[in-house]
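Asks: structure, please.
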Amino acid sequence: PRGISQACATGKYLSCKQQTEGFAYWKMASSDLKRCRDTTDHILNAMAMNEKRKDYDATAKKALEEIVVDERLRERAKGVREGRPKSLSTEEAMKEHKAEEKAEGVSKPIPKFETEEEVWIRMHDFVKSTLQEAMENHCTTNAAQQQQQQRSEQKPVIYHALIVSHSAMLRISLNRIYDEHWLVPECGDQGNNGIYSDMLIPNTSITLVDVVPKAVVAATAAKPSTLEEGWSVINLDL
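Replies: Residues are numbered from 1 along each chain as shown. Got it, this is the predicted structure:
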């Protein structure tokens with residue numbers, strides 16, 4: 001199936017990227033919904049199956065065991081449009097819902113609907129806790145030793161996190177993280193509020209987000225976007 005092939009291709013790409021740049025993921029997290037979990041499993045297995053690695057079984061098992069499954073990364077709840085073609089408007093979906101009720105002779109409950117603000121609250125809470133976790137890890141003895149070693153090599157201490165979620169969740173979050181001037185017209189159609197709300201997030205696409213302490217940004221010429229108190233986003237690579 002196309003989706004599985006895309007997920008495997010993503011895993012192989014990430015594996016090569018790790019080997020080329022010499023890093024390992026500090027944290028891996030996925031939405032708890034089945035489709036996203038399946039995608040994540042295919043990505044991690046493909047990462048572990050790299051031909052140059054001899055420890056496939058152990059690596060794959062370790063990666064799958066360490067993945068954090070978090071309901072805060074779930075897709076946006078779409079209400080009456082849930083499970084229907086994306087092309088349908090809310091009004092069209094409601095007409096279909098009422099037609100189904102009439103045809104079946106029963107009253108059917110409308111699924112939960114989330115506003116963009118409610119979706120962002122979930123993601124913001126996840127990001128905030130992840131940043132806190134990184135800071136706590138950074139302050140441990142081992143991390144401090146690693147930091148000292150990397151400083152001697154003039155390398156920054158970087159915590160790489162692999163987060164697997166859903167298109168609407170990611171689109172809403174990126175729009176909230178970045179001011180409208182960060183998003184280019186190619187990302188989608190610009191709305192009246194200046195936000196590219198129709199920005200496309202293709203299946204198994206990769207978005208790189210660099211988050212750094214504001215104290216570091218202050219010493220550079222970067223024009224950051226504020227993510228959380230004490231933190232800034234300085235790079236977006238779609």
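Asks: how about the strands in the chain?
Replies: 27-30, 68-69, 161-164, 208-213, 225-228, 231-237 (DSSP state E).
Asks: by residue count, what's the longest helix in the chain?
Replies: helix 116-138 (DSSP state H).
Asks: could you give the mean pLDDT of that one?
Replies: Helix 116-138 shows a mean pLDDT of 88.
Asks: so which bits of that helix are buried?
Replies: Buried positions in helix 116-138, judged by neighbour count with 16 or more other CB atoms under 10 Å: E116, V119, W120, R122, M123, H124, F126, V127, T130, L131, A134. Placement of C-beta: from N, CA and C, glycine included.
Asks: so what secondary structure elements neighbour that helix?
Replies: strand 27-30, helix 141-152, helix 167-177, strand 225-228 (3 or more CB pairs under 8 Å, 6 or more residues apart in numbering; DSSP states H and E).
Asks: in terms of mean pLDDT, which of the ones you listed ranks lowest?
Replies: strand 225-228 (a mean of 55).
Asks: could you list the low-pLDDT ranges of this structure?
Replies: 50-64, 141-156, 179-199, 214-238 (pLDDT under 70).
Asks: ok, D32 to I67 distance?
Replies: 11 Å (CB to CB, to the nearest Å).
Asks: ugh, typo on my part, it should be I43
Replies: 10 Å.
Asks: so if I had to pick from the two, which one is more boxed in?
Replies: Set side by side, I43 and I67 show more neighbours around I43, with 27 against 20, by other CB atoms under 10 Å.
Asks: tell me the contacts of the more buried one?
Replies: A7, C8, T10, G11, L14, V164, T204 (CB atoms under 8 Å, 6 or more residues apart in numbering).
Asks: now it: closest residue in space, sequence neighbours ignored.
Replies: In space, and not counting its chain neighbours, I43 is closest to G11: 4.1 Å by CB to CB, 6 or more residues apart in numbering.
Asks: so the one you found is in contact with H42, correct?
Replies: Yes - under the criterion of CB atoms under 8 Å, G11 makes contact with H42 at 6.6 Å.
Asks: ok, these two, which is more surrounded?
Replies: Legend: neighbour count by other CB under 10 Å for G11 and H42, higher for G11 (24 against 20).
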